[in-house]
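Chemist: sequence first, then the predicted structure, then my questions.
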Amino acid sequence: MIKLLQLTLGLLFILTLQAQAAEEQRPLSADQPIEITARQLEAFQQQGKAIFSGSVVAKQGNITLYCEKLVAYTQTGQQQVDHLEAFGNVRVVQLNRTATADRAIYRHRQGTLVLIGHAELHQEQNQVSGAEITVFLKENRSVVKSNDGGRVKALLFPEPKQEQ
């Protein structure tokens, strides 16, 4: 039972979208630019927000976000993005990890990504799903919640044994 719990906790750590330090990966940094493409952009400078709509694609480092609408909020008096809210067929891809949800909120300062509504994390065959998944990027951990009366679900595949 303890081994299963350790494997499950290990999987949740692996499934977070935080980049791992490896030669082929570049960790996500707030200093990296965010490139956003969409069919339309509507900017509200006084309110410090920009609304991108229509097949939105946002990239920062090795993370790519796809959605129907993306609202970017800046800090008052600054040009830096404070947080992003994604709506409609949200999909976040980083290397071999994919997260999907109806809606997502990324908060830069807190280092969190919250997936809301039919939230799922996939890495290869392994998957975790629930009503809401909060990924703590700086801590390399996740919390999966169910809705009222619902349950979270994890599908874990053992790693194949390597012959010596």
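Modeler: Sure thing, it's come through.

Chemist: so which elements touch the longest strand seen in the chain?
Modeler: As assigned by DSSP state E, the longest strand anywhere in the chain is strand 81-94. Using 3 or more Cβ pairs under 8 Å, 6 or more residues apart in numbering; DSSP states H and E as the contact test, the elements touching strand 81-94 are strand 49-60, strand 63-74, strand 97-107, strand 112-123. The way it works is simple: take the backbone N, C-alpha and C, and place the C-beta from them, glycine included.

Chemist: now do 7 Å
Modeler: Packing contacts for strand 81-94, counted by 3 or more Cβ pairs under 7 Å, 6 or more residues apart in numbering; DSSP states H and E, involve strand 63-74, strand 97-107.

Chemist: what does that strand rub up against?
Modeler: With Cβ atoms under 7 Å, 6 or more residues apart in numbering as the test, strand 81-94 has contacts from 17, 19, 34, 62-75, 98-108.

Chemist: which of those residues count as buried?
Modeler: Among these, those classed as buried by 16 or more other Cβ atoms under 10 Å are 17, 19, 34, 62-63, 65-74, 98-106, 108.

Chemist: for this protein, give me the ranges with low pLDDT.
Modeler: 1-30, 164 (pLDDT under 70).

Chemist: returning to what we had before: partners of the longest strand of the chain in the sheet?
Modeler: strand 63-74 (antiparallel), strand 97-107 (antiparallel) (DSSP bridges).

Chemist: rebuild those as a markdown table, extending it with distance to residue 139.
Modeler: Formatted as a markdown table, these follow (distance: least, Cβ to Cβ, whole Å):
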| stretch | distance to residue 139 |
| --- | --- |
| strand 63-74 | 17 |
| strand 97-107 | 13 |
